[in-house]
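**Q** the following comprises the amino acid sequence and a computationally predicted model.
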Amino acid sequence: MKGLTNKVAVVTGGNSGIGYATAKVLKEQGADVIITGRRKEAVEAAGQALGVTAMVSDQGKVADIEVLAENIKQQYSKIDILFINAGILGGAAIEDAAEEVFDSVMNVNFKGAYFTLSRFIPLLNEGAAVVFLSSNTAHMNRPNSSIYSSSKSALNAIMRTAAMELAPRKIRVNAVSPGPIETPILAKQGLSDQQLKDLQALIISEVPLHHMGKPEDVGKMVAHLCSPEANFITGAEFVMDGGMSVA
Ligand SMILES: NC(=O)c1ccc[n+]([C@@H]2O[C@H](COP(=O)([O-])OP(=O)(O)OC[C@H]3O[C@@H](n4cnc5c(N)ncnc54)[C@H](OP(=O)(O)O)[C@@H]3O)[C@@H](O)[C@H]2O)c1
């Protein structure tokens, strides 16, 4: 029998990159997977390609999160795996920071992740697993990264408190913090092909293992943290960045 058979899993931001790859791994391991996304066409196309349920929900809007939780409650009653993955990039030097960029990054990466956990807590079965998608930038101090890295540091703080609050129900809460992973997230920043190539080359030069990670590397780690093999792991953050943050 596959390790996650009979488990219901929700993956936010599942139409692309790490969320998509993780939904695929969870499904391969037997879970009944629901992916979410903010763009109807994209999330439905991904749902069809993966053979999983797709639901439109903007993690930047608490009202959307509440509707999502209610819909999933109606259709599935309870869930076993919650992967809070949706996130966006955005940054500037602190001196030049724009309020709109600050608000949009915090709304999705921090506030949206927080309220996703909050509103899904009543739906979590005893023994469920929650994983937040953080980032190695939470441990790095690169110029222009203050907004994004603060949003991810905040996630790590929520994760640890949630692990304490939910332990009485045997619900485990952890975070995975990748370094550079090959996903469309950088291309969404409006860079030219050449700028994107130059940026990727620069990033790779800063990774001791000298390559970017694959989305499925993260997916396998998330699936492991949601499996019975990880039943003594909670309140922990797993950095997977080819050594970048310790270089
Ligand atoms: N790739 C990396 O190097 C890296 C490293 C560390 C951490 N991360 C984190 O990993 C997570 C996944 O990123 P990724 O690299 O896989 O990027 P991605 O390919 O852009 O995937 C992000 C997913 O989140 C969705 N999303 C964005 N804003 C949303 C919102 N308001 N509501 C619902 N869904 C939303 C995106 O939808 P759209 O397609 O509509 O944009 C997409 O499905 C993010 O939290 C990111 O911060 C990525």
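**A** Looks like it came in fine.
**Q** nearest residue to M106 in space, please, no chain neighbours.
**A** S151 (5.6 Å; CB to CB, 6 or more residues apart in numbering). For glycine as for every other residue, the C-beta is placed from the backbone atoms N, C-alpha and C.
**Q** could you check how far the closest residue to S77 other than its chain neighbours is from E70?
**A** In space, and not counting its chain neighbours, S77 is closest to L123: 7.8 Å by CB to CB, 6+ apart. Distance, L123 to E70, by CB to CB, to the nearest Å: 10 Å.
**Q** settle it for me: which of these two has more neighbours?
**A** For the pair L123 and E70, the greater number of neighbours falls to L123 (19 against 12), based on other CB atoms under 10 Å.
**Q** go ahead and report the secondary structure state at the residue nearest to M106.
**A** Three-state assignment for S151 (DSSP: H, G, I helix; E, B strand; the rest coil): helix.
**Q** next, the contact list for it, please.
**A** Neighbouring residues of S151 by CB atoms under 8 Å, 6 or more residues apart in numbering: 87, 105-106, 109-110.
**Q** next one: I171
**A** 124, 126-130.
**Q** ok, and the most crowded of the contacts of S151?
**A** N109 (29 neighbours).
**Q** who does R172 form a beta bridge with?
**A** A129 (DSSP bridges).
**Q** that one: neighbour count?
**A** Neighbours of R172 using other CB under 10 Å come to 23.
**Q** again with the one 10 residues further on
**A** Counted with other CB under 10 Å, residues neighbouring E182 total 15.
**Q** again with I65
**A** For I65, using other CB under 10 Å, the count is 25.
**Q** that one is in contact with L123, isn't it?
**A** No - I65 is beyond contact range of L123, at 11.9 Å (criterion: CB atoms under 8 Å).
**Q** now do the helices in this structure.
**A** 17-28, 40-50, 62-76, 99-105, 113-120, 146-166, 193-205, 215-225 (DSSP state H).
**Q** does the ligand sit close to stretch 115-125?
**A** No - Stretch 115-125 stays clear of the ligand (CB under 6 Å from any ligand atom), getting no nearer than 9.6 Å.
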